[in-house]
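Engineer: Give me a model of this one.
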Amino acid sequence: MSGEPKRSQIVRYWWSKGEHSLNSARLELGANELSFAMNRIYYAVFYAVSAALLERGRSFKKHSGVRAAFHREFTKSGLLTSNWSKFYDQLFEDRQEGDYIALTSFDHAYVEGQLARGVEFFRVLRSFVPSLEKS
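Structural biologist: Reported below is the predicted structural model:
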């Protein structure tokens, strides 16, 4: 694999990008920039899911592919409860609205709750990403 990064390196890259997005969401929430916070929460989860799927040798170019694979690989297989799929789907919808629908606003407590669930999502999903344990 000369010159090409190993899959485990890319998995760690996407996971790290997700963690940075969570930190960014915290900052946006603290600044009361709620649409931006929702965007960052969604992307944090998207990157984490991308890392977990890549760990299994699966990668996708579109958000829809990542979502469908997450449902198939983790929820329908019984590895995770359907609550996590619903959470991911809701984040996708919230991000779409916040990014593309004029005058969309979010409630501070709602965004704060979604951020807390995002942190929990990372904790749960991490057990499916053994590449994170390697240096």
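
Engineer: Show me what the helix or strand hosting Gln90 is packed up against.
Structural biologist: Gln90 is part of helix 82-100 when elements are defined by DSSP states H and E. Here helix 82-100 is seen to pack against helix 34-55, helix 63-70, helix 108-126 when contacts are counted using 3 or more CB pairs under 8 Å, 6 or more residues apart in numbering; DSSP states H and E. Yep, even glycine has a C-beta here, placed from its N, CA and C like the rest.

Engineer: Report how many residues lie close to Ala109.
Structural biologist: For Ala109, the tally of surrounding residues (other CB atoms under 10 Å) stands at 8.

Engineer: Give me the three-state assignment for Leu22.
Structural biologist: Following DSSP: H, G, I helix; E, B strand; the rest coil, we place Leu22 in the helix state.

Engineer: Number of residues surrounding the closest residue to it other than its chain neighbours?
Structural biologist: With CB to CB, 6 or more residues apart in numbering as the measure, Ala44 is the residue that lies nearest to Leu22, at 4.4 Å, once sequence neighbours are left out. Here the neighbour count serves as a burial measure; for Ala44 (other CB under 10 Å) it reads 25.

Engineer: Please look at Ala44 and Ser16 and confirm they touch.
Structural biologist: No. Under the criterion of CB atoms under 8 Å, Ala44 is not in contact with Ser16, lying 10.9 Å apart.

Engineer: The residue nearest to Leu22: what's it in contact with?
Structural biologist: Ala44 is in contact with 18-19, 21-22, 25, 118, 122, counting by CB atoms under 8 Å, 6 or more residues apart in numbering.

Engineer: got the contact list for the residue nearest to the spatial centre of the chain?
Structural biologist: Closest to where the C-alpha atoms of the chain average out (CA atoms, centre = their mean) is Val45, at 0.8 Å. Taking CB under 8 Å, 6+ apart as the definition of contact, the neighbours of Val45 are 18, 87-88, 91, 118, 121.

Engineer: Nothing else from me, thank you.
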